[in-house]
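no sequence on hand, only this structure:
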């Protein structure tokens, strides 16, 4: 998901995403800040999965996460 896609969503949709990503204080954030925090949270999850895979402890977990992420966020 990119910033343009997030900005096209309603505040309620963004808050639902923020809740799924365990972003604290999301209900008090303005739309722009909420979009940035969602991007940060998604990037952090991806980074963590990649680091686990590189450590040799979680390649299968990373690949499942990547598959799930792609299915949940189709391009276009």
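Okay, I see it. As the structure is a computational prediction, the values presented were derived from the model and not from experiment. Residues are numbered from 1 along each chain as shown.

lowest-pLDDT helix or strand in the protein?
helix 59-72 (a mean of 81; mean pLDDT, DSSP states H and E).

name the residues that touch it?
Applying CB atoms under 8 Å, 6 or more residues apart in numbering, the external contacts of helix 59-72 come out as 45, 46, 49, 50, 52, 53. Backbone N, C-alpha and C define where each C-beta goes, glycine included.

if I look at the third one, how far off is residue 30?
Just to be clear, that refers to residue 49. 29 Å (CB to CB, to the nearest Å).

residues of the least confident helix or strand of the chain that come out buried?
Neighbour counts using 16 or more other CB atoms under 10 Å place 62, 65 of helix 59-72 among the buried residues.

in the longest helix along the chain, what counts as buried?
Taking DSSP state H as the criterion, the chain has its longest helix at helix 31-54. By neighbour count on 16+ other CB under 10 Å, the buried set for helix 31-54 is 34, 35, 37, 38, 41, 42, 49, 53.

which helices and strands does that helix pack with?
Secondary-structure packing of helix 31-54 (3 or more CB pairs under 8 Å, 6 or more residues apart in numbering; DSSP states H and E): helix 3-7, helix 11-20, helix 59-72.

columns distance to residue 26 on top of the ones you listed, output as JSON lines?
As requested, these are exported to JSON lines (distance: least, CB to CB, whole Å):
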{"stretch": "helix 3-7", "distance to residue 26": "13"}
{"stretch": "helix 11-20", "distance to residue 26": "4"}
{"stretch": "helix 59-72", "distance to residue 26": "18"}
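
where in the protein is pLDDT low?
Counting by pLDDT under 70, the low-confidence segments of the chain come to 53-58, 75-76.

okay, which residue is most central for it?
Central residue of the chain (CA atoms, centre = their mean): residue 42, 2.7 Å from the mean position.

surely that one meets residue 2?
No. Look at residue 42 against residue 2 with CB atoms under 8 Å: they stay out of range, at 10.1 Å.

ok, residue 20 - how many residues close by?
By other CB atoms under 10 Å, 11 other residues sit near residue 20.

not counting sequence-adjacent ones, nearest residue to residue 31?
Nearest residue to residue 31 in three dimensions, chain neighbours excluded: residue 11, at 5.4 Å (CB to CB, 6 or more residues apart in numbering).
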